[in-house]
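Peer 1: requesting a structural model of the entry that follows:
(one chain, ligands or ions: 1)
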Amino acid sequence: MSINFNKPEFIRSAADRSGFLRDGLPQFAFAGRSNVGKSSVINRLVSRKNLAYVGASPGKTTQINYFLIDKKAYLVDLPGYGYAKVSKSEKDRWGRLMESYFQEGVVGAITAGVLIVDIRHKPTKDDVVMHEWFRQTGCPEIIVANKLDKLKKSQVEPALALIRETLELDENDILVPFSAEKGTGKDELLGILNAAAAGELEPVDEPEE
Ligand code: GDP
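Peer 2: Numbers count the residues shown, from 1 in each chain. Predicted coordinates:
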C-alpha cells in the first residue's frame, strides 16, 4: 500500500481532546519549534504551496491540524513551540494540549513521530522534551534536520553529529537531512513514512533510566 502524498485534504483542527481523531488509520505526527520550517516541510511532502500555513502567526496556532492523505493516513500537524514572544497563557495552553495529546490522545495511535529540527543548530531544550515525549509513546521516530541548503557541504556531517549527540540517537535512529526549500530528502522521508504505515519500522526502545 503506497500512500500518494499529493492527495492531501484538510480534515479538522483540534483545540482539545474532544477533537482528537482515532479511527484506526495510520497517523504521522509532525512537531518542531516555531520557524524551524515545519509548514514548509509538510507543504513540500504534499507538493502544495499552502496546505500548512507558512509563517503562521504565533498565538493563533495552539491547535492540532489533521490532514487526510490519499484517504489512507493522517498527517497530524502539532502546534509549534519555543516562540519567544508567546504569552504565558498561550504557552500554558500549548502545554495542556500536548499533555492531553501525548497522555491519552494517542497512546497506540501514532504510527510515526516526525521531529523537525534546524540542521544549523544544536537541538533546543524544547526539542529534547518533544523527542522524549515521542520516545515515551513507543512509536518509531524520524528526526528531520531541515534547512540543509543553508549549510556548506563540509558543515553537514558535524551538524548531524551534534544533533545525534544532543538527542542521544544511536545508529538505529533515523535522521534525515532535509531541505524544504530545495526538496532534498523528500523521497527518502516519503519512503520512511510509507514503511512506517506498513508497520515495517522498528519502534524505538525507551532509553534506560
Ligand atoms: P514553521 O513555523 O515551523 O511552520 O516554519 P515555516 O514553514 O513557516 O518556515 C519558517 C521560515 O523558514 C520561512 O521563511 C521559510 O521560507 C523558511 N524555511 C523553511 N524551510 C526552509 C529550508 O529548508 N531552507 C531554507 N533556506 N529556508 C526554509
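Peer 1: and the residue of the chain found nearest the ligand, how many neighbours?
Peer 2: At 2.8 Å from the ligand, residue 37 is the closest residue in the chain, using Cβ to the nearest ligand atom. From N, CA and C alone the C-beta is placed, and that goes for glycine too. Residues lying near residue 37 (other Cβ atoms under 10 Å) number 22.
Peer 1: buried set for the lowest-mean-pLDDT helix or strand in the chain?
Peer 2: Scoring the helices and strands of the chain by mean pLDDT, DSSP states H and E places helix 88-100 at the bottom, with a mean of 90. Judged by neighbour count using 16 or more other Cβ atoms under 10 Å, the buried positions of helix 88-100 are 90, 93-94, 97-98, 100.
Peer 1: about what we covered before: correct me, but the residue of the chain closest to the ligand touches residue 145?
Peer 2: No - judged on Cβ atoms under 8 Å, residue 37 makes no contact with residue 145 at a distance of 10.5 Å.
Peer 1: give me the common contacts of those two.
Peer 2: residue 118 (Cβ atoms under 8 Å, 6 or more residues apart in numbering).
Peer 1: so which strand or helix has the residue most central in space within the chain?
Peer 2: Nearest to the mean C-alpha position of the chain, counting by Cα atoms, centre = their mean, stands residue 30 at 2.2 Å. When elements are assigned from DSSP states H and E, residue 30 belongs to strand 27-32.
Peer 1: residue 13 now?
Peer 2: Going by DSSP H and E, residue 13 is in strand 8-14.
Peer 1: on the three-state scheme, residue 48 is what?
Peer 2: Here residue 48 is coil, with the state taken from DSSP: H, G, I helix; E, B strand; the rest coil.
Peer 1: which strand residues bridge the nearest residue to it once chain neighbours are set aside?
Peer 2: Nearest residue to residue 48, sequence neighbours excluded (Cβ to Cβ, 6 or more residues apart in numbering): residue 8, at 6.7 Å. Beta bridges link residue 8 to residue 69, judged by DSSP bridges.
Peer 1: ok, which stretches of this protein are strands?
Peer 2: 8-14, 27-32, 64-69, 73-77, 112-118, 141-146, 174-177 (DSSP state E).
Peer 1: dump the ones you listed into JSON lines; add distance to the ligand and mean pLDDT as well.
Peer 2: As requested, the strands of the chain are exported to JSON lines (distance: least, Cβ to the nearest ligand atom, whole Å; pLDDT from 0 to 100):
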{"stretch": "strand 8-14", "distance to the ligand": "15", "mean pLDDT": "93"}
{"stretch": "strand 27-32", "distance to the ligand": "5", "mean pLDDT": "96"}
{"stretch": "strand 64-69", "distance to the ligand": "11", "mean pLDDT": "94"}
{"stretch": "strand 73-77", "distance to the ligand": "9", "mean pLDDT": "96"}
{"stretch": "strand 112-118", "distance to the ligand": "7", "mean pLDDT": "97"}
{"stretch": "strand 141-146", "distance to the ligand": "5", "mean pLDDT": "98"}
{"stretch": "strand 174-177", "distance to the ligand": "10", "mean pLDDT": "98"}
